[in-house]
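> need the 3D shape of this:
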Amino acid sequence: QVQLVESGGGLVQAGESLRLSCLASGSIRSIDAMGWYRQAPGKQRELVARISKGGITNYADSVKGRFTISRDNAKNTASLQMNSLKPEDTAVYYCNAVCNAEGSWWPYTYWGQGTQVTVSS
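Alright, predicted model coming up:
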């Protein structure tokens, strides 16, 4: 079993910053890509940022230049530094990881439970 736990969400004003963290734990043999997604009320879940095991990143156009994704492979963690937050960044943010679990033949995509980020104007 693999679990992802996010932390760091909260309520901030526009222009402020937040840092989200994600810890993957359990019977993990290795982790491939990790990412952050978000879902606003009434909207589909969308990719925010993604980072490969080797550190290659990609971002949604809406967050480029403001958000930075990073990971620590030794600790099985990923972080999302969010600067210059806007009201339109308000959403539930989910951590995502493609993990090779112990005893599993194939990698599987796991999700965290989500953390709320609210940006007031």
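
> give me the helices and strands touching the helix or strand hosting Leu47, please.
When elements are assigned from DSSP states H and E, Leu47 belongs to strand 46-51. Strand 46-51 is packed against strand 28-39, strand 57-59, strand 67-72, strand 77-82, with contacts defined by 3 or more CB pairs under 8 Å, 6 or more residues apart in numbering; DSSP states H and E. Backbone N, C-alpha and C define where each C-beta goes, glycine included.

> now with 10 Å?
In this structure, strand 46-51 makes packing contacts with strand 28-39, strand 57-59, strand 67-72, strand 77-82, strand 91-101, judged by 3 or more CB pairs under 10 Å, 6 or more residues apart in numbering; DSSP states H and E.

> buried residues in that strand, which are they?
By neighbour count on 16 or more other CB atoms under 10 Å, the buried set for strand 46-51 is Val48, Ala49, Arg50, Ile51.

> mean confidence score for stretch 18-35?
Mean pLDDT, computed over stretch 18-35, is 96.

> tally of neighbours for Gly65?
The number of residues packed around Gly65, counting by other CB atoms under 10 Å, is 9.

> how about it, secondary structure?
Three-state assignment for Gly65 (DSSP: H, G, I helix; E, B strand; the rest coil): coil.

> wait, doesn't it sit right on Tyr59?
Yes - using CB atoms under 10 Å, Gly65 is in contact with Tyr59, at 8.5 Å.

> in TSV, list the buried residues of strand 46-51 along with pLDDT.
Converted to TSV, the buried residues of strand 46-51 look like this (pLDDT from 0 to 100):
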residue	pLDDT
Val48	98
Ala49	98
Arg50	98
Ile51	98
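
> possible to save those as JSON lines with distance to Val117?
Formatted as JSON lines, the buried residues of strand 46-51 follow (distance: CB to CB, whole Å):
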{"residue": "Val48", "distance to Val117": "10"}
{"residue": "Ala49", "distance to Val117": "13"}
{"residue": "Arg50", "distance to Val117": "18"}
{"residue": "Ile51", "distance to Val117": "19"}
